[in-house]
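Q: predicted model and sequence follow; I will ask about them next.
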Amino acid sequence: PVYSASKAGLIMLTRSLAQELAPDIRVNAISPGAIIWPDDIDKDHQAEVLSKTLAGRMGSVQDIAAAVRFLIESEYITAQVINVDGGRLV
């Protein structure tokens, strides 16, 4: 419940700020998937997470940076939350 509420909050905050600040400022958000593992995550849990990720791998900082660059360069995109999660949301 806490995770779902925080994701819903991210979506609504992004949309609200986009409405409030338009047209001068665009507001978007990135919702990352498994990017960097915490030190206390065991290999079995990592394998379980990756088995539910369509890309079949952990994401990288470069994956996040590419999404940010895309949003910066896309002047007609605003009020969006981009999932950079290797297809895990599916």
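A: Now that the structure is in, tell me what you want to look at.

Q: can you name the residues that contact residue 57?
A: Contact partners of residue 57, counting by C-beta atoms under 8 Å, 6 or more residues apart in numbering, are 50, 86. Where you see a C-beta, it was placed from the backbone N, CA and C, and this is true even at glycine.

Q: and stretch 69-81, end to end?
A: 14 Å (C-alpha to C-alpha, to the nearest Å).

Q: one more: stretch 75-90?
A: Start and end residues of stretch 75-90 are separated by 27 Å (C-alpha to C-alpha).

Q: just the buried residues of it, please?
A: Buried residues in stretch 75-90, counting neighbours by 16 or more other C-beta atoms under 10 Å, are found at 78-80, 82-86, 88.

Q: output the residues you listed in CSV, with distance to residue 50, pLDDT and secondary structure appended to each entry.
A: Output for the buried residues of stretch 75-90, formatted as CSV (distance: C-beta to C-beta, whole Å; pLDDT from 0 to 100; DSSP: H, G, I helix; E, B strand; the rest coil):
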residue, distance to residue 50, pLDDT, secondary structure
78, 32, 99, coil
79, 31, 99, coil
80, 26, 98, strand
82, 21, 98, strand
83, 16, 97, strand
84, 15, 98, strand
85, 12, 96, coil
86, 9, 96, coil
88, 9, 93, coil
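
Q: in CSV, list the residues you listed along with distance to residue 48.
A: Listed next are the buried residues of stretch 75-90 as CSV, based on distance: C-beta to C-beta, whole Å:
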residue, distance to residue 48
78, 36
79, 33
80, 29
82, 25
83, 19
84, 20
85, 15
86, 14
88, 11
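
Q: nearest to residue 55, of those?
A: residue 86 (3.3 Å; C-beta to C-beta).

Q: I figured the closest one was touching residue 49, is that so?
A: No: contact status for residue 86 versus residue 49: not in contact, 9.9 Å apart, counting by C-beta atoms under 8 Å.
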